[in-house]
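Undergrad: Any chance you can model this:
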Amino acid sequence: MSAPFLAPEASGTAGDFTRINTRRSLMLLAIGAITGIAIAGYGLFTAKGTRTHGVPPEAIALVNQRPILRSDFITQVQTQYSVRFADTTPDQRRKVLDDMIDEEMTVQRGLEVDLPSFDPEVRSALVAGVELQLFADVLAQKPTEAELQAYYNANRAKYIRDGVMQVRDLVAAVTPQRRLSDAQRDVAASVMALRQGASLDTAMAQFNLCDSRRLMDSGHVDTGNVFDFAARARLDPAVFAAANLLDTGQVSDPVATVDGVHVVVMVKRVSPAQRSFVEVSNEVWRDVTEDAKRKVRLNNLKYLRTKTDVQVAIP
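TA: Take a look at the predicted model:
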């Protein structure tokens, strides 16, 4: 026996709510969906921690949702005009704010074009900024007097006052006309004369009548007062070693080097001296801080190495 035929339900007009209307049903569903999306979007974009167009209380402005902190703004105003914030004018504050906004926009543009990847100055500034954050705790600490004294005792060699010398470095050059043995003999005669009280000019003059036997200043060091480190840098190492053993008025033994045979006359000598802790306490504090910063930097680099994939081609 065949199933009975079911006639379709009648469809009323949109305004007739006593009958079913397909168009009206779809319209109501669409309105409900749009309303739901709108409510969800409002809740999403007004929830705490989401981006909004409102400036948070701790900021003076937002630049692409990046805040310019009110505290930084106040500090900048006071620094730029050297007065209290309350004593600045609205025009002055607006000028500072405009400058800070311009700076933030420029910084964001630099990051957008990846400026740190190819500009050495920007890279250096980033490294300095990161290290400044790392050093914040170190700079905030104040070593005790006992810690400074202990560091000074362990590093006394760092706090020696450099000596001063007024020296004459005389040399008898070795030439085809004067062999090494002849130069050594001439210099030995000058050393003997100087040690017996002859003046420097007299000792030099006894050989200056003959160009081939001339004894003259090497020109390697100034004839006035020079610090030990300057003399060390200018003189031949063997000549400086001989000079460093002399006191005022003393004369060295002959010293043979590649350019001839030297004799050093110490006109005046102020020997190096240990500086007291009281005298160098500020330097000790600086060195303690620098050592602590160096340790923090090395530890940070070790940590970054463990978190970084570094691939190096064989040079």
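Undergrad: what does the domain assignment say about the chain?
TA: The chain breaks down by automatic domain parsing into domains covering 114-160+276-308, 163-271.
Undergrad: okay, those domains, which one's buried deepest?
TA: Of all the domains of the chain, domain 163-271 has the most neighbours on average by mean count of other Cβ atoms under 10 Å, namely a mean of 16. All C-beta spots, glycine's among them, are computed from the backbone N, C-alpha and C.
Undergrad: how far does it stretch from start to finish?
TA: End-to-end span of domain 163-271 (Cα to Cα, to the nearest Å): 5 Å.
Undergrad: chain center to that domain, what's the gap?
TA: Put simply, domain 163-271 sits 43 Å off its chain's centre (Cα atoms, centre = their mean, to the nearest Å).
Undergrad: what mean pLDDT does it have?
TA: Domain 163-271 comes out with an average pLDDT of 84.
Undergrad: re earlier: Ile31: which of the domains of the chain is closest?
TA: Each of the domains of the chain was scored for nearness to Ile31 using Cβ to Cβ, and the closest is domain 114-160+276-308 (47.1 Å).
Undergrad: First-to-last residue distance for that closest one?
TA: Distance across domain 114-160+276-308, first residue to last, is 20 Å (Cα to Cα).
Undergrad: Give me the distance between Gln166 and Leu194.
TA: Distance, Gln166 to Leu194, using Cβ to Cβ, to the nearest Å: 15 Å.
Undergrad: sorry, back to before: just put the domains of the chain in CSV and tack on distance to Gln108.
TA: Shown next, in CSV, are those (distance: least, Cβ to Cβ, whole Å):
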stretch, distance to Gln108
domain 114-160+276-308, 11
domain 163-271, 49
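Undergrad: Quick one: closest of these to Thr79.
TA: Closest among these, using Cβ to Cβ: domain 114-160+276-308, at 17.4 Å.
Undergrad: Tell me where the stretch 1-150 of the chain has strands.
TA: 59-63, 66-69 (DSSP state E, counting those that start in this stretch).
Undergrad: tell me which strands and helices the shortest one is in contact with?
TA: So the one you mean is strand 66-69. strand 59-63, helix 90-112 (3 or more Cβ pairs under 8 Å, 6 or more residues apart in numbering; DSSP states H and E).
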